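Generate coordinates for the sequence data below:
(one chain, ligands or ions: 1)
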Amino acid sequence: MIQRVRGTRDFTPAEMGGRRQVEDLLRSIAREYGYREIQTPVIENAELFIAKSGPAVLEEMYSFEDRGGRQLALRPELTAPVVRFYLSDMSNYPMPLKLWCVSNCFRYEEPQAGRYREFFQFDVEIIGSGAPEADAELLMLASDLCRRLGLKEVSFRIGHVGIVREMLDAAHVPREEQSGFLHLIDKRRYGDAENFLAGRRIDADAARGILQTCAKHGDSSILNGMRGASVDYLREVVSLAESQGTGRLNIDLGVVRGLDYYTGVVFEIDAPELGAEKQICGGGSYSLAPLFGGKEIASTGMAFGFDRLILAMQRAGTLRGEEPLDLFVLAASETLRPDAIRIAGSARGKGITAEFDLMRRSMSKALKYASTRGARFTVIVGEKEKASESVVLRDMVTGGQDIIPVRVVTDEIAQRLRAGRG
Ligand code: AMP
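Numbering: from 1, shown residues only. So this is what the prediction gives:
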C-alpha cells in the first residue's frame with residue numbers, strides 16, 4: 001500500500017469536527033476584532049523566504065524547480081506571503097490593514113509530537129501601525145483566544161529587541177553582527193553569547209550588563225530603573241494590554257526571536273502542558289516590506305500553531321468530535337424511495353443534516369447503520385403510513401416512535417432538535 005508522506009497527517013471526520021470547532025472560534029474572534037480574512041497560494045517563489053530569513057531557511061524548506069525552471073517553495077510560514085500580497089495588491093487599502101488566515105505550512109523538520117512537516121498556522125497581521133496599541137491588541141486577541149479555547153495554563157513572554165540592540169549599539173557591536181548574538185540569546189545559549197561578546201573585545205562591564213539584561217524576566221517591575229525609548233514602549237504595551245484584561249503578562253528580555261527583521265516588541269506564548277513543543281504562538285513587530293522591494297511600513301503580527309492549540313485542547317478535554325447527524329430517512333419498500341428522498345431534501349432546506357439510505361438495505365440493516373452513524377432521528381416511510389400521508393418518526397436516543405403527518409415531520413424534527421439543544 002502506498003503510504004502518506006512522513007510528517008503529514010490525514011484527519012478523520014471526528015478529528016475534523018474538533019479542528020473546525022477551533023477554526024470557527026478563531027474566525028469569530030478575528031472578525032470581532034475587525035480582522036479581514038485572506039488566502040495566499042501554497043507555493044511561492046523560494047526567493048521570498050530566502051529574502052526574509054536568509055539562505056539557511058533552505059535547509060528546512062520544501063523547495064524545487066518547476067518545469068519552467070523557476071525556483072519555488074512550499075510556504076514554511078505565512079507572514080512573508082501576507083506582506084508580499086500587501087505590497088502587490090493591497091498597499092492602497094486604508095490603514096491599518098488587519099488581516100488573518102489559517103493555512104497549511106511546510107517545514108522539513110524531524111517529526112515528533114506537536115511538530116510536523118505539514119502543519120497549520122493561524123496568522124494575524126497588522127500592517128500600517130507602529131503604535132503600542134497595535135502590539136497590545138495582538139496580546140489582547142491572543143489572550144481572548146486562549147481563554148475561549150479553555151487553555152488555562154498559558155504563559156506569555158514579552159520582550160523588545162530594541163532594548164538589547166541599543167545596548168549592543170552602545171558597545172559598538174555592528175548591526176550586521178548583532179543578529180548572531182540575538183540568535184544565541186533566542187536559543188538560550190548564554191555561554192556562547194558570553195563568548196561572542198568576549199570575542200569582540202566588549203568592555204567586561206558592558207558585556208555583563210548586556211547578559212544580565214537578557215536574563216531579566218518577571219512582571220513589569222523588572223523594567224524599574226531602566227530607561228530608553230524601547231523600555232518605555234514595552235512598558236506601555238504591557239500596561240495597556242493588562243489593563244484590558246489579559247491577566248498578568250510576563251516580561252522576558254531574553255525573548256528576541258533572533259532574526260534581523262524583528263524591530264520592536266516580540267513575544268512567545270507557551271502551553272506548558274504540551275512538553276517539549278510547548279510554544280503555541282510567536283509574534284512581534286517587523287520590517288519586511290523593504291526586503292521584498294517595497295517601502296518601509298510599520299507592521300506587527302503573530303502566528304499560532306493551530307495543531308498545538310488542538311493538542312492542548314485535547315489534553316484539556318474540551319475538543320469536540322464530529323457533529324452528529326440529525327436525521328436518517330429510509331423507505332420500507334422500493335416504490336417509497338422517492339418519498340424518502342423528498343423528506344431528506346425538505347429537512348436539509350431547514351438546516352437539518354439528513355441522509356437517505358444509498359445502499360438499498362433492508363430496514364433492520366439501514367436502522368443499524370443509522371444508529372452507528374449516530375443519527376439523532378430516523379424517519380421511516382412505510383406503505384401503511386403513506387396511505388394516511390404520515391411517516392414514522394423515531395427518536396434514536398429514547399427509542400420512542402410517533403406517527404407524524406408528512407407535511408409537518410421536518411418542522412417537528414427541527415423543533416425537537418432546537419429543544420434538545422436548549
Ligand atoms: P514560527 O513561524 O516558527 O514563529 O512558528 C509559529 C508557531 O507555529 C509556533 O509557535 C508553533 O506553535 C507553530 N509551529 C512551527 N513549526 C511547527 C511544526 N513543524 N509543527 C507544528 N507547529 C509548528
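
what does the helix or strand hosting A73 contact?
Taking DSSP states H and E as the definition, one finds A73 inside strand 71-74. Residues from elsewhere that reach strand 71-74 (CB atoms under 8 Å, 6 or more residues apart in numbering): 42-49, 61-66, 105-106. All C-beta atoms are positioned from the backbone trio N, CA, C, and that covers glycine.

what about that strand, distance to the chain center?
23 Å (CA atoms, centre = their mean, to the nearest Å).

List the buried residues for that strand?
Using 16 or more other CB atoms under 10 Å as the test for burial, strand 71-74 gives 72-74.

what does the model give G422 for pLDDT?
Each residue has a pLDDT score; the one for G422 is 61.

which stretches of the stretch 101-250 of the chain form strands?
118-127, 155-160, 217-218, 250-252 (DSSP state E, counting those that start in this stretch).

Any idea which of the ones you listed gets closest to the ligand?
strand 118-127 (3.4 Å; CB to the nearest ligand atom).

Using CSV, write out every CA atom in the closest one.
Output in CSV follows, covering the C-alpha atoms of strand 118-127 (Å, rounded to 0.1, in the frame of the first residue of the first chain):
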residue,chain,number,x,y,z
GLU,A,118,2.8,19.8,7.2
PHE,A,119,1.3,21.9,9.9
PHE,A,120,-1.2,24.8,10.2
GLN,A,121,-0.8,28.3,11.4
PHE,A,122,-3.4,30.9,12.4
ASP,A,123,-1.8,34.1,11.3
VAL,A,124,-2.8,37.6,12.3
GLU,A,125,-1.1,40.7,10.9
ILE,A,126,-1.5,44.5,11.4
ILE,A,127,0.1,46.4,8.6
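
Tell me the strands beside it, with direction?
strand 97-106 (antiparallel), strand 299-305 (antiparallel) (DSSP bridges).

which residues of the stretch 51-200 of the chain fall in helices?
Under the criterion DSSP state H, counting those that start in this stretch, helices of the stretch 51-200 of the chain are mapped to 79-85, 132-148, 161-170, 175-186, 190-199.

Same question for the stretch 201-350 of the chain.
204-214, 229-243, 306-316, 337-348.

ok, now which ones touch G162?
228-230, 233, 263-264.

from this protein, which residue is nearest to the ligand?
Closest point on the chain to the ligand, by CB to the nearest ligand atom, is G305, at 2.1 Å.

hang on, the earlier thing: scan the contacts of G162 and report the most crowded one.
Neighbour counts for the contacts of G162 (other CB atoms under 10 Å) peak at G264, which has 25 neighbours.

Just give the closest residue to that residue, not the sequence neighbours.
In space, and not counting its chain neighbours, G264 is closest to S285: 4.0 Å by CB to CB, 6 or more residues apart in numbering.

Check L26 too.
Closest to L26 by CB to CB, 6+ apart is F122, at 5.1 Å.

which parts of the chain sit against the ligand?
77, 107, 109, 114-116, 119, 121, 279-282, 303, 305, 307-308 (CB under 6 Å from any ligand atom).

List buried residues within the residues you listed.
77, 107, 114-116, 119, 121, 279-282, 303, 305, 307-308.

need the contact list for R84.
40, 44, 48, 292.
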